[in-house]
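Participant: Structure for this input, please:
(chains A and B)
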Amino acid sequence: MEDRDMPSDDSRQTALIDEAAPIRSRLASHPRLHKLAIKFVEQWPDKLAEMRSAHAVADLAALARLAHGVKGLGGSVGFDALFEPAKAVEAAAKAGDAAQAGRCLDQLTALGRRLQAPVPMTTGAAADATIGADR
Amino acid sequence: MTQTTTYETITTVFGGQLTPQRLVAPAALRSSCVMMVDDEPLMTELVQGYLEDAGYRKFVVTNDPRQTIALMRANHPAVVLLDLMMPQMSGFDVLEQIAADEGLRFTPVIVLTAASDSESKLRALNLGASDLLAKPVDESELLLRVRNTLAFRQFHERMVNFDDVTSLPSRRNFERQLGEKLAPDTSFKGECALFIVSVPVWSQVHETMGQESADTLARTIARRLQDSLRAFDAKHPGSFLSLRGAAVARLRGEEFALLLPGLNRHEAAELLAKALGAAMAEPVELKGQDVVPRATIGIALSPADGHTAEALIRGAEQARSLARKTSQPHVFFSVDLNRRSEQRLLQSTLLRHAIERKQLLLHYQPIVDMGSGLVSGVEALLRWQHPNAGLVGSEQFQPLAEELGLGSVFGQWVAQQACADAVRWVKQGVDLKRVAINITAGQWREGRVLETLRGALRESGLPPSYLAVQLNEGMLHEDFAGALKRMREISEMGVVIVIDDFGSGQTSLGAIKKVPALELKVDAALVQPVPSDAADLAVARAVVTLAHSLGMTVVAKGVAQAEQLLALSGLEFDKFQGPLYQEPVPADKLQGLGG
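Facilitator: As a prediction, the model looks like this:
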């Protein structure tokens, strides 16, 4: 089974090159599944807040579990750029390194600010738009 | 958020067209039920979306892994996509539960995981996962794995549910269909006819002409059954519900079955049986030879003959067995047939235990020297002290014993017991020249007679010349050269060979002169009319003359009257036995054994 440590996607590359560029979902042009990317962006602040809370109370097991979820889901809904930072949070949390987990979480937070939700579509081709959400 | 959904959707994406850019599900797999278990609703929505795009349309979704087993039992998914890391219950625990459930344990499970460590993956595989799919989920990989898993399952199901030679449903598949058709809530209220069609020649073709010819024959039989059904439906519309609901199956090698929902009339079933019989009577050319796949058919009608698949199949099989035994083209199941069949089963069980329960015994009938009037030997006759029916003659249970494979076991018991009795008589000073035992056709075919005789003589210490074996004339016919070889081996041991019931078969004079027998026993049928029938008298005289010229003695059996004995004596018969002297009796009741 191939490991997915290095998802290859333009958005991830873009994110590395330009730290201010919006991160778009691969599903933005999918007539139905773009909605899942929209939902993900909508839910992102809550997911981030949960991770922050877990970190704040030093519940590293919970933090690892939540980061693991973001690692799998983020890429699946087309935001591949989230994979590596989420993986780093999970690894640090599992290793019991709260400080490192915090630093990785900061990176993830910064990345999350640039998530761009696709424009809702009713019919026809996809469109892009709107800025990322953050709490 | 927890969500559980079970539903079917018809995919209408990209303007109702499945995009050629993605891996499209083969039509045969699209209705397969795909189950998804993931605590993250976005993930299940996503996976379902990809699968819908590919054409799949039946899904069971849960975001609560604790519901997995119940949902699997209710929906029988063809594949399960299972997340590993879930807060309520881990995917590992779910895999353990699936493995522990006999009805679910073979369901393929594809584990979806973002874990990159090989330990988790290996653990999942060891717990029964059939495949792994990494998260983030890649659409192509997801579709490929689901398709491959379903295709393999479909292939396996086809192997199990269909005969690969004829493409007809297999027995298992047929039994399931029959069970469904017998449900009282069907439109025909469980009324149907079941035909078991046996074509014995298939087994002969398989043995003598090989697999290829047997397969060709099986395909021909299948086609004829299907064609006959169609033709019958066209000729007698409304006899059964519909061709669509009817099923033709191959139960095993030579055995086929027809299921006809809505057909419950004896007359219509009889007509169809005749039509099938006629269709099967046409020869099939196999490797240049004409083979006639004549059918033997057993018929059972529901609900009269049974309400369950098992009962109906059993009934039709019983009817088919009777048809075969009685050489009838078709037989209907009946209550009486069932009673006889049950009786046979009971007798089989009792017979299997007859030796250990000491229910077998020997009766003896004296063989009397015609000249001296003295008993020169005895014939041992097997009896069964039946727990309910009393004393039973061997002709009533020996055929069943041989069907049950007990022929040699019983034969061994007879040889041992007769030899032991003979030794006892000799020790008591009885002037007994010989004890004769009968070898049955089944025993002879099994080919262990020599071994049996050697064992009995060795154990008892009886000199071989005191023992005679009676072989039926018919035993010479199947394989004369082989029979001759075995008879010579027996003769070389010193055991006397007697040809029993001579005159009842087709043995030529040329053949009989080669047989190393010392004695001929003449069939009672040939002797009974003596002295009234002049022609029979001539035949009897010829037999005696022939036997004497070959150095054999001749015994008349079944002698019941004094005048009969007088005539036989005039014909120079050497010995006789029969009720005139004494019926077969237990050893201690024997007359004329001096000592």
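Participant: Now do the strands in chain A.
Facilitator: A:23-24, A:115-116 (DSSP state E).
Participant: Show me the shaky parts of the chain.
Facilitator: Went with chain A since none was named. Within chain A, the segments meeting pLDDT under 70 span A:1-19, A:122-135.
Participant: let's do chain B instead
Facilitator: For chain B, the stretches flagged by pLDDT under 70 are B:1-21, B:185-189, B:239-244, B:337-338, B:504-510, B:523-533, B:594-595.
Participant: How about it: which residue is closest to chain A?
Facilitator: residue B:136 (2.6 Å; CB to the nearest CB). Just so you know, the C-beta spots here come from the backbone N, C-alpha and C atoms, and that holds for glycine as well.
Participant: Would you mind giving the strands of chain A as CSV with distance to residue B:334 and mean neighbour count added?
Facilitator: Shown next, in CSV, are these (distance: least, CB to CB, whole Å; neighbours: other CB atoms under 10 Å in any protein chain shown):
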stretch, distance to residue B:334, mean neighbour count
strand A:23-24, 78, 24
strand A:115-116, 79, 22
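Participant: Pick out the residue closest to the middle of chain A.
Facilitator: residue A:82 (3.7 Å; CA atoms, centre = their mean).
Participant: circling back to that earlier point, please name the residues that touch the residue of chain B closest to chain A.
Facilitator: For residue B:136, the contacting residues are A:4, A:7, A:71-76, A:80, A:83, B:114, by CB atoms under 8 Å, 6 or more residues apart in numbering or on different chains.
Participant: let's see 10 Å
Facilitator: A:4, A:7, A:9, A:26, A:71-80, A:82-83, B:43, B:46, B:112, B:114 (CB atoms under 10 Å, 6 or more residues apart in numbering or on different chains).
Participant: Is there a quick ChimeraX command that grabs whichever of the residues you listed are buried?
Facilitator: Of the contacts of residue B:136, the buried ones can be selected in ChimeraX as follows, counting by 16 or more other CB atoms under 10 Å in any protein chain shown:
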select /A:4,7,9,26,71,72,73,74,75,76,77,78,79,80,82,83 /B:43,46,112,114
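Participant: Among the contacts of residue B:136, which ones are in helices?
Facilitator: A:71-76, A:83, B:43, B:46 (DSSP state H).
Participant: Chain A: helices as residue ranges?
Facilitator: Going by DSSP H, chain A shows helices at A:10-17, A:34-56, A:60-76, A:83-94, A:98-112.
Participant: which helices and strands does the fourth one pack with?
Facilitator: Packed against helix A:83-94, as judged by 3 or more CB pairs under 10 Å, 6 or more residues apart in numbering or on different chains; DSSP states H and E, are the following elements: helix A:10-17, helix A:34-56, helix A:60-76, helix A:98-112.
Participant: Let's see that with 7 Å instead.
Facilitator: helix A:60-76, helix A:98-112 (3 or more CB pairs under 7 Å, 6 or more residues apart in numbering or on different chains; DSSP states H and E).
Participant: show me what contacts the residue of chain A found nearest chain B?
Facilitator: When scored by CB to the nearest CB, chain A has residue A:75 as its residue closest to chain B, at 2.6 Å. Each residue near residue A:75 by CB atoms under 7 Å, 6 or more residues apart in numbering or on different chains is listed here: A:7, A:82-83, B:135-136.
Participant: Same question for residue B:581, what's its three-state structure.
Facilitator: coil (DSSP: H, G, I helix; E, B strand; the rest coil).
Participant: List phi and psi for the closest residue to it other than its chain neighbours.
Facilitator: What sits nearest to residue B:581 in space, not counting adjacent residues and going by CB to CB, 6 or more residues apart in numbering or on different chains, is residue B:368, at 5.2 Å. Backbone torsions of residue B:368, given as degrees, to the nearest 10, read phi -110, psi 140.
Participant: what about residue B:368, neighbour count?
Facilitator: When neighbours are counted by other CB atoms under 10 Å in any protein chain shown, residue B:368 registers 24.
Participant: For residue B:314, see how far away it is.
Facilitator: As judged by CB to CB, to the nearest Å, residue B:368 and residue B:314 stand 51 Å apart.
Participant: could you dump the helices and strands packed on helix A:83-94 to JSON lines with distance to residue A:33?
Facilitator: Formatted as JSON lines, these follow (distance: least, CB to CB, whole Å):
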{"stretch": "helix A:60-76", "distance to residue A:33": "10"}
{"stretch": "helix A:98-112", "distance to residue A:33": "20"}
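Participant: So which of those is the most surrounded?
Facilitator: Of the helices and strands packed on helix A:83-94, the one with the most neighbours on average (mean count of other CB atoms under 10 Å in any protein chain shown) is helix A:60-76, at a mean of 24.
Participant: now that helix and helix A:34-56, what's the angle there?
Facilitator: Here helix A:60-76 runs at an angle of 160 degrees relative to helix A:34-56 (axes from the mean of the first three to the mean of the last three CA atoms, to 10 degrees).
Participant: coming back round to it: wait, the residue nearest to the centre of chain A touches residue A:74, no?
Facilitator: Yes: with contact defined as CB atoms under 7 Å, residue A:82 reaches residue A:74; the gap is 3.3 Å.
Participant: in which helix or strand would I find residue B:271?
Facilitator: helix B:266-280 (DSSP states H and E).
Participant: which secondary structure elements does that helix contact?
Facilitator: For helix B:266-280, the packing partners by 3+ CB pairs under 7 Å, 6+ apart are strand B:192-198, helix B:211-235, strand B:296-302, strand B:330-332.
Participant: and those as TSV, adding mean neighbour count and distance to chain A?
Facilitator: Output for those, formatted as TSV (neighbours: other CB atoms under 10 Å in any protein chain shown; distance: least, CB to the nearest CB, whole Å):
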stretch	mean neighbour count	distance to chain A
strand B:192-198	27	46
helix B:211-235	17	41
strand B:296-302	27	50
strand B:330-332	22	59
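Participant: Relative to residue B:23, how far out is the residue nearest to the centre of chain A?
Facilitator: From residue A:82 to residue B:23 the distance is 26 Å (CB to CB).
Participant: One more: residue B:50?
Facilitator: For residue B:50, the distance to residue B:23 equals 10 Å [CB to CB].
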